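Enquirer: 3D, please:
(one chain, ligands or ions: 1)
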Amino acid sequence: MKIVSVLLFGIICVQHQTSAASFGGHEGFFGIGRNTFDTRVIGGSNAERHQFPYMVALHNQGRHTCGASVVSPTWVVTAAHCCDKNMGLNCATTQVVAGQLHQFENHLDVQKASVAKVVIHPQYYYNGTFIDHDITLLKLASKLVFSVAVQPVKLPSANQVFTQGWLSGWGVYQRPPTLPVTLQYLKMDVITNNECDEILKHFEPYEQLPLIDSMVCAMPPSKGPETGCNGDSGGPLADDGVLIGVTSWAVNCGTYKENAPTVFTVVNKYLDFINAHVDDLPLRDGN
Ligand SMILES: *[C@@H]1O[C@H](CO)[C@@H](O)[C@H](O)[C@H]1NC(C)=O
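Expert: Residues are numbered from 1 along each chain as shown. Below you'll find the model as predicted:
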């Protein structure tokens with residue numbers, strides 16, 4: 001069976017447990033960072049404080065599940081599957097944590113907000129083997145105060161082309177699946193969907209082929225084993241503070257010898273969706 005392993009963390013999916021091991025089993029856990037499965041040491045890096053001021057963590061029942069990006073004082077963007085009720089997730093009760101470098105740290109930079117409104121993309125669809133429109137907006141119940149630690153990401157322009165980006169997240173970084181304390185990041189090259197398809201073809205049954213318009217792939221410049229991982233879902237792939245993609249899924253990398261891309265929702269395909277809801281966008285400068 002073909003599966004698409006979405007990259008959320010920590011909630012065991014009863015409904016899709018057998019088809020998508022990434023929800024709870026070891027086989028699906030991949031990391032930005034160290035891959036201890038086949039002894040290749042791969043490297044995400046520890047972020048510095050204030051390096052990714054648009055990066056936020058989503059906590060559900062006190063546990064990290066996903067990342068997200070600040071787009072305005074009262075809105076963050078994340079992946080739709082991070083709020084998927086079919087997987088036992090309810091973003092209405094999510095706590096949004098901005099300004100954090102280390103998970104659950106007690107630091108003056110940290111700002112926490114609860115969620116006032118969840119806007120899942122109306123055409124979001126995920127059935128364990130196929131995913132589309134994996135993007136959601138969360139309106140915060142209180143305003144973020146922008147600072148050196150908390151800043152909005154810029155939205156891209158509709159036709160902006162990216163060749164590289166920085167993935168960041170608190171997703172799994174080693175086996176057995178462990179979440180890092182410190183935010184991890186990884187520089188990646190954006191690759192074409194054709195190239196991505198060519199690589200993903202080798203990973204049957206863990207693939208969604210062909211890739212569709214709403215998706216873009218990235219791999220490290222070395223085409224090495226570094227990848228987004230469970231817990232990175234919803235977080236940013238950004239270049240120079242401009243949001244390229246929302247982390248969505250990956251094949252079960254780490255369990256294979258071959259390296260695989262991470263797949264993101266393409267943000268510039270969703271500017272209308274974002275503009276229709278986010279009423280307090282700061283000035284945009286995608287170019
Ligand atoms: C999931 O949806 C896709 C696209 O509609 C379809 O091709 C596939 O068969 C579905 N898979 C399951 C398990 O229902």
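Enquirer: SS state for Lys201?
Expert: helix (DSSP: H, G, I helix; E, B strand; the rest coil).
Enquirer: what's the helix or strand for the residue of the stretch 151-287 of the chain found nearest the ligand?
Expert: Relative to the ligand, the nearest point of the stretch 151-287 of the chain is Gln208 (8.9 Å; CB to the nearest ligand atom). Placement of C-beta: from N, CA and C, glycine included. Following DSSP states H and E, one finds Gln208 outside all helices and strands.
Enquirer: Surely it is in contact with Ile131?
Expert: Yes. Assessed by CB atoms under 8 Å, Gln208 is found in contact with Ile131 at 6.7 Å.
Enquirer: Looking at these two, which is more packed in?
Expert: The neighbour count for Gln208 versus Ile131, taken as other CB atoms under 10 Å, is higher for Ile131 (24 against 21).
Enquirer: residues touching the more buried one, list them.
Expert: 4, 6, 81, 125, 208, 248-249 (CB atoms under 8 Å, 6 or more residues apart in numbering).
Enquirer: From Ile212, how far out is it?
Expert: Distance of Ile131 to Ile212, computed by CB to CB, to the nearest Å: 9 Å.
Enquirer: From the contacts of Ile131, keep the buried residues only.
Expert: For the contacts of Ile131, a burial check counting by 16 or more other CB atoms under 10 Å picks out 4, 6, 81, 208, 248-249.
Enquirer: Enumerate every residue touching Met243.
Expert: One thing to correct before we go on: residue 243 is Leu, not Met. Leu243 neighbours (CB under 8 Å, 6+ apart): 54, 69, 71, 77, 153-156, 236-237, 267.
Enquirer: related to what we said a few turns ago, tabulate the contacts of Ile131 (JSON lines), appending distance to Ala260, pLDDT and secondary structure.
Expert: Output for these, formatted as JSON lines (distance: CB to CB, whole Å; pLDDT from 0 to 100; DSSP: H, G, I helix; E, B strand; the rest coil):
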{"residue": "Val4", "distance to Ala260": "13", "pLDDT": "66", "secondary structure": "coil"}
{"residue": "Val6", "distance to Ala260": "15", "pLDDT": "77", "secondary structure": "strand"}
{"residue": "His81", "distance to Ala260": "19", "pLDDT": "94", "secondary structure": "helix"}
{"residue": "Tyr125", "distance to Ala260": "23", "pLDDT": "94", "secondary structure": "strand"}
{"residue": "Gln208", "distance to Ala260": "12", "pLDDT": "76", "secondary structure": "coil"}
{"residue": "Ser248", "distance to Ala260": "14", "pLDDT": "94", "secondary structure": "strand"}
{"residue": "Trp249", "distance to Ala260": "11", "pLDDT": "89", "secondary structure": "strand"}
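Enquirer: Pull out the buried residues from stretch 191-201.
Expert: Quick answer for stretch 191-201 (16+ other CB under 10 Å): 191, 193, 196-197, 199-200.
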